[in-house]
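Asker: Kindly generate the corresponding structure for this input.
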Amino acid sequence: MPVPSFTPAQVADALERCFDLTPDKAMALTVASAGDIRSPWSIPGMAPLVERLSLALQRREPLVLFSDFDADGVTGCAVLHRTLAA
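Answerer: Residues are numbered from 1 along each chain as shown. Below is the predicted model:
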């Protein structure tokens, strides 16, 4: 059975309806490239977070991880857990 093919406009239309996005934002997501990805260090508060997490790991303090209960949330949480436990 062939895999269906969707145009960027069709994907943008679905994003608009499902996530209440503006047409421009939805279309921007359909044509995004690797160059559009920002550094995680640009997120406000990232440096203090990394410092505190590093200190907690050095002190072997218990951590609580939270994630969305969907495929990428659970998978991301599992990867983070394994990484921090290593």
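Asker: Could I get the average pLDDT for the lengthiest helix in the chain?
Answerer: Longest helix in the chain, counting residues (DSSP state H): helix 71-85. Averaged across helix 71-85, pLDDT comes to 93.
Asker: What helices and strands are in contact with that helix?
Answerer: On a contact count with 3 or more Cβ pairs under 8 Å, 6 or more residues apart in numbering; DSSP states H and E, helix 71-85 meets no helix or strand. The way it works is simple: take the backbone N, C-alpha and C, and place the C-beta from them, glycine included.
Asker: residues making contact with it?
Answerer: 57, 63, 65-68 (Cβ atoms under 8 Å, 6 or more residues apart in numbering).
Asker: JSON lines for those, including secondary structure?
Answerer: What follows is the contacts of helix 71-85, written out as JSON lines (DSSP: H, G, I helix; E, B strand; the rest coil):
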{"residue": "Leu57", "secondary structure": "helix"}
{"residue": "Leu63", "secondary structure": "coil"}
{"residue": "Leu65", "secondary structure": "coil"}
{"residue": "Phe66", "secondary structure": "coil"}
{"residue": "Ser67", "secondary structure": "coil"}
{"residue": "Asp68", "secondary structure": "coil"}
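Asker: which of those tops the neighbour count?
Answerer: Neighbours here mean other Cβ atoms under 10 Å. Within these, the largest count is held by Ser67, at 14 neighbours.
Asker: tell me the angle of the helix or strand harbouring Val50 relative to helix 71-85?
Answerer: Element membership for Val50, per DSSP states H and E: helix 46-58. Relative orientation of helix 46-58 versus helix 71-85 (axes from the mean of the first three to the mean of the last three Cα atoms, to 10 degrees): 50 degrees.
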